[in-house]
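Engineer: Quick one: sequence and predicted model below, then my questions.
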Amino acid sequence: MSEAIQAFIKAQSDLGVAIKNAKNPFLRNKYADINAIQDAVFPVFHKHEFAIIQEGGADEFGQYLETKLIHATGEAFTSKVYLEFKKADMQSLGGALTYARRYGLIALTGVPVQDDDGNTANGEQHMKMKQAVSQSQSNRKPPKQLKLLERGENLTRALKSCTAEQLIGFATEAGSLIEQIREFDNDTADNLNQVYREREAELGLG
């Protein structure tokens, strides 16, 4: 086992939990923002001789932000998060970069964050919402629950292209819908909540 891997293991064993220090004004929930993630990760990995670098790039799959943990020996551990944003929209790009910085550090270091479920892209969350609807049908859930899941899927589609004004208008409906779905399907509620938060960040409302 290399020296860098041994140092990585020690750093992970020393990691604490990222504190939920930010509040979503619309959904009234707390989450760990980029500062909380950095506060949990940077001191520990620096202690074990890792430099932490996050830089942009592009390949055949699109633009991305790459997180690198470079050990004093020169060995590096990397993770890419591909960016989804509106072209010629700096607020959208800024939101995508913040998202990628958070999830790049979370994915690469394994820092515990109770508010996050590990999803790393709107596309994955959209698919999981569809899978939840399909699975719920196969499990013969009550009609009311199926209707709520269908509403959740419709709201997910709307959130991906809504304006800031529309997002504010969705706040009450989204909050109520998430809580209703959470009563019988916590994972789907978390997915919808995450889609909402990401769109909020893209529009500069977070």
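Structural biologist: Structure's in. What do you need?

Engineer: So which residues of the chain form helices?
Structural biologist: Counting by DSSP state H, one finds helices in the chain at the ranges 3-14, 34-47, 90-109, 122-138, 143-159, 164-182, 186-202.

Engineer: Return the list of helices and strands in contact with the fifth one.
Structural biologist: Packing partners of helix 143-159 (3 or more C-beta pairs under 8 Å, 6 or more residues apart in numbering; DSSP states H and E): helix 122-138, helix 164-182, helix 186-202. Every residue, glycine included, has its C-beta placed from N, CA and C.

Engineer: Would you mind writing the CA trace of it as PDB?
Structural biologist: Output of helix 143-159 as PDB, limited to C-alpha atoms (Å, rounded to 0.1, in the frame of the first residue of the first chain):
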ATOM      1  CA  PRO A 143     -54.000   6.100  -5.500                       C
ATOM      2  CA  LYS A 144     -53.300   9.200  -3.300                       C
ATOM      3  CA  GLN A 145     -49.600   8.300  -3.000                       C
ATOM      4  CA  LEU A 146     -49.400   7.600  -6.800                       C
ATOM      5  CA  LYS A 147     -50.900  11.000  -7.500                       C
ATOM      6  CA  LEU A 148     -48.400  12.800  -5.200                       C
ATOM      7  CA  LEU A 149     -45.500  11.000  -6.900                       C
ATOM      8  CA  GLU A 150     -46.900  12.100 -10.300                       C
ATOM      9  CA  ARG A 151     -47.100  15.700  -9.100                       C
ATOM     10  CA  GLY A 152     -43.500  15.400  -7.900                       C
ATOM     11  CA  GLU A 153     -42.400  14.200 -11.300                       C
ATOM     12  CA  ASN A 154     -44.300  17.100 -13.000                       C
ATOM     13  CA  LEU A 155     -42.700  19.600 -10.600                       C
ATOM     14  CA  THR A 156     -39.300  18.200 -11.300                       C
ATOM     15  CA  ARG A 157     -39.700  18.900 -15.000                       C
ATOM     16  CA  ALA A 158     -41.000  22.400 -14.400                       C
ATOM     17  CA  LEU A 159     -38.100  23.300 -12.000                       C
END
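
Engineer: Show me which residues of that helix are buried.
Structural biologist: 145, 148-149, 152-153, 155-156, 159 (16 or more other C-beta atoms under 10 Å).

Engineer: Could you dump those into TSV with distance to Val81 added?
Structural biologist: Output for the buried residues of helix 143-159, formatted as TSV (distance: C-beta to C-beta, whole Å):
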residue	distance to Val81
Gln145	33
Leu148	31
Leu149	28
Gly152	25
Glu153	24
Leu155	24
Thr156	20
Leu159	20
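
Engineer: residues in contact with the residue of the chain most remote from its centre?
Structural biologist: For the chain, the largest distance from the centre (C-alpha atoms, centre = their mean) belongs to Met1, which lies 31.8 Å off. Residues counted as contacts of Met1 (C-beta atoms under 8 Å, 6 or more residues apart in numbering): none.

Engineer: Go through the helices of the chain and name the closest to His71.
Structural biologist: Of all those, helix 3-14 sits nearest to His71, with 3.8 Å by C-beta to C-beta.

Engineer: All set now, cheers.
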